[in-house]
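Novice: Quick one, fold the following:
(chains A and B)
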Amino acid sequence: MNAFLSIVFSLAIVASSSASPLRVVATTPDLGSLAREIGGDDIDLTVLARPGDDPHFLDAKPSFIRLMSRADVYIETGLDLEVGWAPLLLQGARNARVMPGNPGHIDASTVIDPMEVPTGPVDRSMGDVHPTGNPHYLLDPRAGRAVAGLLRDRFSALRPDRAQAFRERFADFSRRLDEAEARWDARLAPHRGAKLLGDHNLWVYFADRFGLEMAGYLEPKPGVPPTTRHLQHIIELISRERVRAIIVSPYFDQRHADFVARNTGVRIVPLAHQPGSRPSSDGYIGMIDHNVEALASALDGAK
Amino acid sequence: MHFNLHFVRRSLAAAAAILIADSAGTHAQQADGRPSSINLIDTSVNVLIAAGGSSAENHELQELQGGGHDPNRNGFTLQGVELSFSGVVDPYFTAEAHIVFTEEDVELEEAFVTSTALPHGLELKAGYYLTEFGRINPSHPHTWHWLDQPIIASRLLGGDGLRSAGARVAWLMPTPWFSQIYVGIQNADNESAISFLGEGHHHGEEHADHDHHATHEEEDDHAHAMDIESTVAGRPRIDRDPRNLDEFLYSARWENSFDLSEQSTMLFGLSALYGPNASSDDGETFIYGADLTLKWRPADHRRGYPFIVWQSEIMSRDYKAGAVSIPHDDHVHDFPGETIRDWGFYSQLVWGFAPRWETGLRVEYATGNDAGVEERDHDPLRADRLRISPMIAFRPSEFSRVRLQYNYDDADFLDDKVHTVWAGLEVLFGKHPAHKF
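Specialist: Numbers count the residues shown, from 1 in each chain, chains lettered A, B, ... in the order given. This is a model prediction of the structure:
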């Protein structure tokens, strides 16, 4: 609240001009963290979802409409992740700068290759379907780099006088990400091909990047809570497929994972779906650091 | 606004054609080879059905359940099938149309255009739309937590919600908090504008006639008894042709919102309506209301649960009836100038206690002054009423909902307290809805 208010007040005081920081609204903390990496002090950043929030389910709070009405840049994950609330903010904001088609409207998914785009017909008997692909791509550092590049380009187009700074920050971020990726690759190399289970279908991009395999999910269908019969099936699957860990995210009830773990002895690994959603997972690189380390230590022990 | 069956068939055929066109989509290939599609129109269908049993008979239930889409009989009620279309028109406008089908007829619920590109936080809306008064009136029945409309809203704003053709401007003010003002002008003679020049319209069976309860010793002065159409409180209805600027319905609303903490948000609004009424050539009506909504949702929610929403509205109507003299048989009946006042409130608390589960309690009260022709105690639209409604709801997914609601009714115009249980099923298919705060 206080952070919000101070941003709100400072926005009200700072008059709009090209010299003032870009007012950036990001829907989720991962996008916010990337925007901060590239924008530095040249942006005034507000992130709508809190780290622990399930980004599918957010309130279209009137204060968000107010923030959007003053924003120069709006960044969304896209692929229907924010479909339950963002359209009302965009409509309510009546701010052409952030409407689709303008440089201030950034759909980050336009620079990544979506996975799990359905090839056949889909309908809602299949649960929460995302017809344009799985929206949890930022858990893969390759996507993080691509989105950071997009932010650099858009910020530069909107503040050409600061383009040099955006380029430098991107170069710095990219270098740190290179180092981190080398570290992560080394850490997970011994576990290539390991089969994992997830609670919700969040981890397919992460698994793809590090050569892991998602053997199944506790949810029988995306967004549909587990049934006893499905958990029974999962318990069989774990022994049949030699699944080595269950990845759990902060906004899912861990009861089901606990039940499966008790019945199979498989380890539960709490990972961060957003920067800051687990202890010591702050920042975009910090989030993946946390995830790689937590998973690798669990798999080390599960040999 | 409702149509005959021929129109129903034609509109169904048109709707089907649009739905088919929509599902086919329009696909293009982007430069980088990724398929893209152009969103021309979003469609959805919402179906609300209810079943209930009551200690009251059907004609009494229809007096108690004043909302146009309330379940109102023992047995099954098709509350409504809403067909919604929305889309982006061009860089300057979006548009929506909502058509509601009931068992007997079809009505246009709303059809309007909203601007998206006006400067200075301004937004223009024009068309046929629900007046932005309070929280319940501008929202569609399927967004409500309870199966029926609050009593005081049905009384003052009409069973179908106050709506009419017109235009309004909303201004999102440059304040350090969310603050928005709406100012609008609409026709005052739409049938839904029962407190103004509207004649009212009832779904399904006609509501039990007021005469049923009228005290017959007063027959001579009673508009019904004189075989004249009546308006509020049994006052005779005058033909009044809107032609001047003061013959329109004016609306204003001011709403403010604050985030009290990271977990809780408050929305506070004041609304007002002013327009002519059908009691006399100079009759005028003021309606004013206040609403307060508090919402709490912790940072570690799961799929939006748990949450608590407390929403309350209070509203009051001053129906200023002018003096009129009506010739009937051999003599002239004089009706004095007077102010007929009605007011009431509802307050409802909803607790989403576990993922997909919600429970709540709503308390309502409505009353008025003893003006008018018809005795208030016998007028279902004016008598003192108390209603208490606990509710429990289960949402299998975002697109379906099952509800169970109990209504305890204490109404002055009925001899006995009434106990009713409603069960409701709601489904939505089509475009994923965005949920308003």
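Novice: buried residues in the biggest helix by length in chain A?
Specialist: If you go by DSSP state H, chain A has its longest helix at helix A:163-188. Across helix A:163-188, burial judged by 16 or more other CB atoms under 10 Å in any protein chain shown covers A:165-166, A:169-170, A:173, A:177, A:180-181, A:184, A:187-188. Just so you know, the C-beta spots here come from the backbone N, C-alpha and C atoms, and that holds for glycine as well.
Novice: And for stretch B:327-344?
Specialist: Judged by neighbour count using 16+ other CB under 10 Å, the buried positions of stretch B:327-344 are B:333, B:335, B:338, B:340-344.
Novice: what do you get for stretch B:128-144?
Specialist: Buried-residue list, stretch B:128-144, by 16+ other CB under 10 Å: B:128-138, B:140-142, B:144.
Novice: What ranges does the chain have for its helices?
Specialist: No chain in the question, so chain A it is. In chain A, the segments counted as helices under DSSP H are A:2-13, A:29-39, A:62-70, A:86-93, A:141-158, A:163-188, A:204-209, A:228-241, A:255-264, A:284-301.
Novice: if you could check chain B rather than the one you did, that'd help
Specialist: Remark: helices assigned in chain B by DSSP H are B:5-24, B:58-64, B:151-157.
Novice: Spatially, which residue comes closest to residue 199, not counting chain neighbours?
Specialist: All of this is about chain A. Excluding the flanking residues, the one nearest residue A:199 by CB to CB, 6 or more residues apart in numbering or on different chains is residue A:252, at 4.3 Å.
Novice: think we crossed wires, I meant chain B
Specialist: residue B:191 (5.2 Å).
Novice: quick one: low-confidence ranges for chain A?
Specialist: Residues of chain A that meet the criterion pLDDT under 70 lie in A:1-19, A:302-303.
Novice: Mind doing that once more with 90?
Specialist: A:1-20, A:52-59, A:96, A:100-101, A:118-132, A:221-225, A:250-254, A:280, A:301-303 (pLDDT under 90).
Novice: what do you get for the stretch 201-350 of chain B?
Specialist: For the stretch 201-350 of chain B, the stretches flagged by pLDDT under 90 are B:201-231, B:233-234, B:236-247, B:262, B:281, B:299-304, B:325-334.
Novice: Strands of that one, start to end?
Specialist: Counting by DSSP state E, counting those that start in this stretch, one finds strands in the stretch 201-350 of chain B at the ranges B:248-259, B:264-276, B:284-296, B:307-321, B:324-328, B:331-335, B:338-354.
Novice: Distance to chain A for those - can I get that in TSV?
Specialist: TSV is the format used below for the strands of the stretch 201-350 of chain B (distance: least, CB to the nearest CB, whole Å):
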stretch	distance to chain A
strand B:248-259	4
strand B:264-276	5
strand B:284-296	7
strand B:307-321	9
strand B:324-328	45
strand B:331-335	45
strand B:338-354	9
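Novice: Could you dump those strands into JSON lines and include distance to residue A:225?
Specialist: Converted to JSON lines, these look like this (distance: least, CB to CB, whole Å):
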{"stretch": "strand B:248-259", "distance to residue A:225": "30"}
{"stretch": "strand B:264-276", "distance to residue A:225": "27"}
{"stretch": "strand B:284-296", "distance to residue A:225": "23"}
{"stretch": "strand B:307-321", "distance to residue A:225": "18"}
{"stretch": "strand B:324-328", "distance to residue A:225": "64"}
{"stretch": "strand B:331-335", "distance to residue A:225": "63"}
{"stretch": "strand B:338-354", "distance to residue A:225": "11"}
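Novice: quick one: which of the ones you listed is nearest residue B:236?
Specialist: Nearest to residue B:236, of all these, is strand B:324-328, at 5.5 Å by CB to CB.
Novice: Run through the neighbouring helices and strands of that closest one.
Specialist: strand B:331-335 (3 or more CB pairs under 8 Å, 6 or more residues apart in numbering or on different chains; DSSP states H and E).
Novice: that older thread, doesn't residue A:200 make contact with the residue nearest to residue A:199?
Specialist: Yes: with contacts counted by CB atoms under 8 Å, residue A:252 reaches residue A:200, the gap being 5.9 Å.
Novice: tell me which residues form a beta bridge with the spatially closest residue to residue B:124 that is not a sequence neighbour?
Specialist: Among residues not flanking residue B:124 along the chain, residue B:115 sits closest, at 4.3 Å (CB to CB, 6+ apart). Under DSSP bridges, the beta-bridge partners of residue B:115 are residue B:93.
Novice: Kindly provide the distance from residue B:115 to residue B:95.
Specialist: Look at residue B:115 and residue B:95: by CB to CB, to the nearest Å, they are 11 Å apart.
Novice: And for residue B:313?
Specialist: Applying CB to CB to residue B:313 and residue B:95 gives a distance of 29 Å.
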